[in-house]
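Engineer: Kindly return the folded structure for what I paste below:
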Amino acid sequence: MSKQHPHDTTYGSRRMLLKAGVAVGAIGGLGVLAEIAKVPVELAATPANLSPALPAGKANAITWQNWSGIQRCQPLGINSPANESAIADLFKQSSGNIRCVGAGHSFVPLVPTDGTIVSLDKMSGIIDHRDHLVRVQAGTRLAQLARELDGIGLAMHNQPDIDAQSFAGAISTATHGTGKELPALHAKVQALRLLTPSGEILTCDANTNADLLQAARVSLGSLGVITEVTLEAVPAYHLQRKVWLKPVDKMLAMAHDLANQHRHFEFYYLPFTGYAAAITHDIANDDKILRPESGDEAMLHDLRQLRDWMGRFPDLRRWLAKKLIDPQQVELAQDKSWKLLSTSRPTKFNESECHVPQEHGIDCVREVIQKLEQRHDVFFPLEFRFVKADDAWLSPFYQRETCSIAVHAAAGEAYQYLVQDIAPIFRKYQGRPHWGKLHAHQAADFSTLYPRWKDFLAIREHCDPHGRMLNPHLRQVFGVSA
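Structural biologist: Numbering: from 1, shown residues only. Next up, the predicted model:
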């Protein structure tokens, strides 16, 4: 643990960004100047794969959309099987494509299909456990799994900052948390069951179908339907969280040291403020509970308000932010691990994230920050995390210690620039995009980024020779013609 900050006794909420209430009054009081300084906000364009209106004659058609609203489709149906037999029957009784869905938290079109969408919500919960090995139904949401594990004295080794996803969906897209010595969720999957489109059930672990396990851990739902996983859990533990602010240059200089000193470390850069918020979590020495009220939404409100009122004058925006920020305020919290590592996100957004070699992380994020701040409508924080290497074939962390950089735009506002402007920087540093987040990579790109790419394609062809698990997006990703 780091030395205690002299202001830790204040226990501020995460509305530590701005002195409470001051920003609203100060900005509102600028009158005519504030009106002139307002930045025009570009709204999101309607993506090409969205249908603004239902086709004629399909007024009662089923419409599915993802969490942020930028991906939609009209499938033939949405099916919720309760067991493997029901999934096998679905494959037999249908002839079109099938895509699985969890929480719909992917921003790329992994789910959209004109075939059938399959939800595994009825296949949820822990089946049994032996010591630290836990058999889990694939549709179990991370939040539910955390609670059920806690009930038997166990926990996940790490968690992402959102826990609404299904477990199968989370591992299939390489969902991760932060921690230099902590790998992503899929790295702790010791075995799984896969039901292929032919109706065959394949069990894979380190001794049986070992290559299939390495392919299926991160597979974008392209091999079949994962119905069950065996997860290596850890004894339940409590964490202590500390959040504080530093000028961004100092934060970048300290980042690697902080990652080495703490079990979990990440930071958020707050655009046009010059500050970054550091967040660390370490194992607590006791099980006491300390939970200040979360101020995440208030922080976003303040950042958006600074953007709305001062966007035309970025230097004035930075000056005002520095006047309003209280850099001495610190937040401390302590609770069970699953209650601190994941949070709710009421404000919807769109996101692009890329994973770069750890040795290039700081250089890359410097360039990303500079590029982001060329747009005066940016206000959403940038997230920077550390992830340990693993050996799943399509893991963005495959045999590579990694820094992850995520950029966001509020739902309803322009988001295409997250890829158009930022992706060239990620490519410069050999970044591997997050499978569930906005990117423009195609098969040729992935073949150079993933050493086992051809091996994965061979297994995909074997498991699904007719491409029933593919949609247009995945055909583009894997280079498979229609």
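
Engineer: and the closest residue to Leu142 other than its chain neighbours, how far is that from Ala170?
Structural biologist: Leaving out its chain neighbours, the residue that sits closest to Leu142 by Cβ to Cβ, 6 or more residues apart in numbering is Asp163, at 3.9 Å. Where C-beta positions appear, they are placed from N, C-alpha and C, glycine not excepted. As judged by Cβ to Cβ, to the nearest Å, Asp163 and Ala170 stand 9 Å apart.

Engineer: returning to that earlier point: can you tell me which residues contact the residue nearest to Leu142?
Structural biologist: By Cβ atoms under 8 Å, 6 or more residues apart in numbering, the contact set of Asp163 is 141-143, 146, 338, 342.

Engineer: Which members of those residues are positioned in helices?
Structural biologist: Judged by DSSP state H, helices contain the following of the contacts of Asp163: 142-143, 146, 338.

Engineer: list the residues that contact both of Asp163 and Ala170?
Structural biologist: Here Asp163 and Ala170 have Leu142 as joint contacts, going by Cβ under 8 Å, 6+ apart.

Engineer: re the thing from before, ok, which pair from the contacts of Asp163 is furthest apart?
Structural biologist: The distance between the two most remote of those (Cβ to Cβ) is 12.1 Å, for Arg141 and Trp338.

Engineer: Any stretches of this structure with poor pLDDT?
Structural biologist: In the predicted model of the chain, residues 1-40, 45-60 satisfy pLDDT under 70.

Engineer: Could you pull up phi and psi at the residue nearest to the spatial centre of it?
Structural biologist: The residue lying closest to the centre of the chain (Cα atoms, centre = their mean) is Thr175, at 5.9 Å. Per-residue torsions, Thr175: phi -60, psi 140 (degrees, to the nearest 10).

Engineer: what residues are up against it?
Structural biologist: Residues near Thr175 by Cβ under 8 Å, 6+ apart: 160, 165, 169, 184-186, 436.

Engineer: returning to that earlier point: show me which of the contacts of Asp163 is closest to Asp308.
Structural biologist: So of these, ranked by how close each gets to Asp308 (Cβ to Cβ), first place is Ser342, at 29.4 Å.

Engineer: I'd guessed Leu194 sits against Glu228; true?
Structural biologist: No - assessed by Cβ atoms under 8 Å, Leu194 is found out of contact with Glu228, at 9.1 Å.

Engineer: Which residue is the nearest non-sequential neighbour of Arg72?
Structural biologist: If you skip the residues right next to it in sequence, Arg72 has Gln65 as its closest partner in space, 4.3 Å away by Cβ to Cβ, 6+ apart.

Engineer: Now do that neighbour against Gln416, distance only.
Structural biologist: Gln65 is 18 Å from Gln416, where distance means Cβ to Cβ.

Engineer: Can you show me the CA trace of the host helix or strand of Val243 as CSV?
Structural biologist: Using DSSP states H and E, Val243 sits within strand 238-247. Extracted in CSV, the C-alpha atoms of strand 238-247 (Å, rounded to 0.1, in the frame of the first residue of the first chain):
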residue,chain,number,x,y,z
HIS,A,238,-11.9,-7.5,0.7
LEU,A,239,-10.3,-4.6,-1.1
GLN,A,240,-9.4,-1.1,-0.1
ARG,A,241,-9.8,1.6,-2.8
LYS,A,242,-8.0,4.9,-3.0
VAL,A,243,-8.8,7.6,-5.6
TRP,A,244,-6.8,10.8,-6.0
LEU,A,245,-5.9,13.4,-8.6
LYS,A,246,-2.6,14.3,-10.2
PRO,A,247,-1.5,16.5,-13.1
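
Engineer: residues of that strand that come out buried?
Structural biologist: The neighbour-count check on strand 238-247 (16 or more other Cβ atoms under 10 Å) flags 238-246 as buried.

Engineer: which element follows that strand toward the C-terminus?
Structural biologist: Using DSSP H and E, the helix or strand that follows strand 238-247 in sequence is helix 248-261.

Engineer: Give me the residues contacting the next helix or strand after that following helix.
Structural biologist: Sequence-wise, the next helix or strand downstream of helix 248-261 (DSSP H and E) is strand 264-270. Residues outside strand 264-270 that contact it (Cβ under 8 Å, 6+ apart): 17, 158, 177-180, 182, 239, 248, 251, 255, 258-259, 275-282, 303, 321, 341, 365, 369, 381-386.

Engineer: same question, stretch 200-210
Structural biologist: 84, 190-196, 212-213, 216, 224, 227, 230, 463.

Engineer: quick one: buried residues of it?
Structural biologist: Using 16+ other Cβ under 10 Å as the test for burial, stretch 200-210 gives 202, 204, 209.

Engineer: Output the residues you listed in CSV, with distance to Ser106 and secondary structure appended to each entry.
Structural biologist: Output for these, formatted as CSV (distance: Cβ to Cβ, whole Å; DSSP: H, G, I helix; E, B strand; the rest coil):
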residue, distance to Ser106, secondary structure
Leu202, 24, strand
Cys204, 24, strand
Asn209, 26, coil
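
Engineer: Setting the sequence-adjacent residues aside, check what's closest to Gly96.
Structural biologist: Gly115 (3.4 Å).

Engineer: For that neighbour, grab the count of nearby residues.
Structural biologist: Using other Cβ atoms under 10 Å, Gly115 has 19 neighbouring residues.

Engineer: just checking, it touches Arg99?
Structural biologist: Yes - the pair Gly115 and Arg99 passes the contact test of Cβ under 8 Å, sitting 7.1 Å apart.

Engineer: Spit out the residues that contact those two alike.
Structural biologist: Asn471.

Engineer: circling back to that earlier point, adding distance to Val41, write the buried residues of stretch 200-210 out as CSV.
Structural biologist: Shown next, in CSV, are the buried residues of stretch 200-210 (distance: Cβ to Cβ, whole Å):
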residue, distance to Val41
Leu202, 49
Cys204, 48
Asn209, 51
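
Engineer: Please report how far Met156 lies from Val189.
Structural biologist: To Val189, Met156 is 11 Å away according to Cβ to Cβ.

Engineer: Check the contact lists of the two and give me the overlap.
Structural biologist: Leu231.

Engineer: show me where the stretch 201-350 of the chain has strands.
Structural biologist: Taking DSSP state E, counting those that start in this stretch as the criterion, the stretch 201-350 of the chain contains strands spanning 201-205, 225-232, 234-235, 238-247, 264-270, 275-283, 331-336, 349-357.

Engineer: and Val477, which of those strands is closest to it?
Structural biologist: Nearest of the strands of the stretch 201-350 of the chain to Val477, taken as Cβ to Cβ: strand 349-357 at 15.4 Å.

Engineer: Now the element after the closest one, going C-ward?
Structural biologist: Once strand 349-357 ends, the next helix or strand along the chain (criterion: DSSP H and E) is helix 361-372.

Engineer: Buried ones in that following helix, by neighbour count?
Structural biologist: 361-362, 364-365, 367-369, 371-372.

Engineer: Am I right that Val477 falls within a helix?
Structural biologist: Yes - assigned with DSSP: H, G, I helix; E, B strand; the rest coil, Val477 falls within a helix.

Engineer: list the contacts for it?
Structural biologist: Residues near Val477 by Cβ under 8 Å, 6+ apart: 220, 441-443, 446.

Engineer: Number of residues surrounding the residue nearest to Asn66 when sequence neighbours are not counted?
Structural biologist: Excluding the flanking residues, the one nearest Asn66 by Cβ to Cβ, 6+ apart is Gly104, at 4.2 Å. Counted with other Cβ under 10 Å, residues neighbouring Gly104 total 21.

Engineer: Report the secondary structure state of Gly104.
Structural biologist: coil.
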